[in-house]
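**Q** Could you work out the structure for the sequence below:
(2 chains)
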Amino acid sequence: MTLRILQGPSSMTSDSLSTAPATDTAPLEIPDINLWSGFAATFKRDITVAFRSRGDIANPLIFFLIVITMVPLGISPERDTLALLAPGMIWVVALLATLLSLDGLFRTDYEDGSLEQLLISPHPLYFIVISKVLVHWLMTGLPLTITAPILGVMLSLPNQGYMPLIASLAIGTGVLSLIGAIGSALTVGLRKGGLLLSLIIMPLYVPVLIFGASAVSSASEGFPFVGQLAILGAFLAMAMILAPFAAAGALRISVNG
Amino acid sequence: MDWTWFHRLGSPRWFYEKSSVWLPYLWVLTASLLIAGSVWGLAFSPADAKQGNSYRIIYIHVPAAFLALAGYYVMAISGAVGLIWRIKVAELTMRAAAPIGAVLTFVSLFTGAVWGKPTWGTWWVWDARITSMLILFFLYLGVMALHNAFTHEETANKASAILALVGTVNIPIIYKSVDWWFTLHQPATIKFTSESTIDPSMLYPLLIMVIGFYALYALALILRTRVEILKRERRTKWVKALALGSA
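**A** Model prediction:
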């Protein structure tokens, strides 16, 4: 079914606006409203925006690389010491890199007003938030996961540690993005949200860090690691259900007051 | 059942006037419990066989730790009540509970460190319970920092209530993970004396102190909520009349 309305702005997708006729009296077609359409439209838009500013994708990775370079410089270049530190160090730095990128999750949408359009759109905010978080993960969590093995080599991580490193980061950064979305939504209306965002979100990252880092370290010591990965997966499932609710509520408060 | 009392509770003015009646009783209760508990605990209960007199810090350490944890739930539940039913007093209670809880958490960490020095020979140990308390302290600080960052009072209350609720979901997870992490990294040098075998002569004053701390918490919470009410309602007639009358 297609709804037809006379004039007026339709939805938040830029393509539906561009395909609309320029005359005032002509009816404007708006797409079906269902759970999927809001998710898909937001996803398409955010991916496009993210790819138009590719520099932002590289920034967390460069940060990741530089901080890991600091570790041997600051502690010791000895292989044994580095191998001991590697799992925890890589996880902590991945966590910090995610945190740094979170500030921008809703920021630009808030500043140019499209966040308000998303809030008043008929699509459920829950799925819009999920789709934004998914794009955020594709732009930060996934690149971090892919880069991590290189950093593992630099920190002489034992061979059996690579598989759990990739797996735990792939699952764990998803949880980090989801929980971080809450903090990002809470601080989006504040002028200096960046540091505050880290302050309020970092304590909530503790369980992810514990299980993520321990999966890698126990694997590099030759112990089983599937249990830790399973718990990370449980965190992801729970965060996927609950975090978008909190983030959606926080967005409404940040925008409407 | 008549629910008007519940709705009246939502009115800041009603709460302010009623709590003025409660406060003297609460003061007396708190003072007598704390004095009785500390005199009994510090002067009359026997010294510990191994730790000597240094164990007596338990009479502050344990109640403070209890209330630090319970205080987070008080804060989160009043935050939820404020968010759901838009009850003003609940929002103000949440605002008032954060610093009290943070101070209690700090007290329990600090007394723990002071107790740790003579018993374990170190100020700080990465033990599961200590680490969890530290993270609880960070959670409190986060709620307070978020509240301070907003200039608009209403938004600040709602935003920090959401953060407190998210923290509540996380607290059991954080506790379990830290517990698990600790059993994995357990240092061999430290042994805990189990507290289940505490002697009644030490237990009774401790219980009195715990109840006394609950009363103290209630007192501090009501006093702070009253301050928040006055700050928030400072432009209303009844607060102006109150200020002029007492001046």
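
**Q** what's near enough to touch residue B:10?
**A** Contact analysis of residue B:10 by CB atoms under 8 Å, 6 or more residues apart in numbering or on different chains lists B:85, B:87-90. Every residue, glycine included, has its C-beta placed from N, CA and C.

**Q** which of those residues lies closest to residue B:202?
**A** Among the contacts of residue B:10, residue B:90 lies closest to residue B:202 (CB to CB), at 38.1 Å.

**Q** element containing residue B:125, please.
**A** Assignment of secondary structure by DSSP states H and E places residue B:125 within no helix or strand.

**Q** I figured it hits residue B:117, correct?
**A** No. With contacts defined as CB atoms under 8 Å, residue B:125 does not count as touching residue B:117, sitting 10.8 Å away.

**Q** ok, the two, which is more surrounded?
**A** Neighbour totals were compared for residue B:125 and residue B:117, and residue B:125 leads with 17 against 12 (other CB atoms under 10 Å in any protein chain shown).

**Q** residues from chain B in reach of chain A?
**A** Within chain B, the residues that sit near chain A (CB under 8 Å from any CB of the partner chain) are B:83, B:135, B:138-139, B:141-143, B:145-146, B:149-150, B:152, B:154-155, B:158-159, B:162-163, B:165-167, B:169-170, B:173-174, B:176-178, B:180-181, B:184.

**Q** would residue A:28 count as being in a helix?
**A** No. Residue A:28 is assigned strand when assessed by DSSP: H, G, I helix; E, B strand; the rest coil, not a helix.

**Q** Filter the residues of chain B next to chain A down to the buried ones.
**A** Buried members of the residues of chain B next to chain A, counted by 16 or more other CB atoms under 10 Å in any protein chain shown: B:83, B:135, B:138-139, B:141-143, B:145-146, B:149-150, B:155, B:158-159, B:162-163, B:165-167, B:170, B:173-174, B:177-178, B:180-181.

**Q** Which ones among the residues you listed map onto helices?
**A** Counting by DSSP state H, the part of these found in helices is B:83, B:135, B:138-139, B:141-143, B:145-146, B:149, B:155, B:158-159, B:162-163, B:165-167, B:170, B:173-174, B:177-178, B:180-181.

**Q** Please determine how far residue B:12 is located from chain A.
**A** To chain A, residue B:12 is 20 Å away according to CB to the nearest CB, to the nearest Å.

**Q** Got phi/psi on that residue?
**A** Here is the backbone geometry of residue B:12 (degrees, to the nearest 10): phi -60, psi -40.

**Q** Also residue A:223?
**A** The phi and psi torsions at residue A:223 (degrees, to the nearest 10) take the values phi -100, psi 160.

**Q** what's the burial count for it?
**A** Neighbourhood size, residue A:223 [other CB under 10 Å]: 13.

**Q** List the contacts of it.
**A** Residue A:223 makes contact with no residue, according to CB under 8 Å, 6+ apart.

**Q** What's the per-residue pLDDT of it here?
**A** We have a pLDDT of 89 for residue A:223.

**Q** How much space separates it from residue A:158?
**A** Note on residue A:223: its distance to residue A:158, by CB to CB, to the nearest Å, is 12 Å.

**Q** Stretch A:124-137 vs chain B: in contact?
**A** No. Stretch A:124-137 stays clear of chain B (CB under 8 Å from any CB), getting no nearer than 13.5 Å.

**Q** Which residue, other than its chain neighbours, is closest to residue A:97?
**A** residue A:60 (4.1 Å; CB to CB, 6 or more residues apart in numbering or on different chains).

**Q** ah, wrong one, I meant residue A:81
**A** In space, and not counting its chain neighbours, residue A:81 is closest to residue A:75: 6.5 Å by CB to CB, 6+ apart.

**Q** For that neighbour, list the residues it contacts.
**A** For residue A:75, the contact set (CB under 8 Å, 6+ apart) comprises A:81-82, A:85.

**Q** from these, which would you call buried?
**A** Those of the contacts of residue A:75 that meet the buried threshold are A:82, A:85, by 16+ other CB under 10 Å.

**Q** Show me what from the stretch 151-257 of chain A comes close to chain B.
**A** The stretch 151-257 of chain A has residues A:179, A:182-183, A:186-187, A:189-190, A:192-193, A:196, A:199-204, A:206-207, A:210-211, A:214, A:235, A:242, A:246, A:249-250, A:253-254, A:257 near chain B, with proximity defined as CB under 8 Å from any CB.

**Q** Can you flag the buried ones in the residues you listed?
**A** By neighbour count, with 16+ other CB under 10 Å, those hold A:179, A:182-183, A:186-187, A:189-190, A:193, A:196, A:199-204, A:206-207, A:210-211, A:214, A:235, A:242, A:246, A:249-250, A:253-254 as buried.

**Q** Among the residues you listed, name the ones in helices.
**A** A:179, A:182-183, A:186-187, A:196, A:199-201, A:206-207, A:210-211, A:214, A:235, A:242, A:246, A:249-250, A:253-254.

**Q** how close does residue A:64 sit to residue A:123?
**A** Distance of residue A:64 to residue A:123, given as CB to CB: 34 Å.

**Q** Same question for residue A:88.
**A** Using CB to CB, residue A:88 is found at 41 Å from residue A:123.

**Q** what about these two, which has more around it?
**A** More neighbours surround residue A:123 than the other of residue A:88 and residue A:123, with 22 against 16 (other CB under 10 Å).
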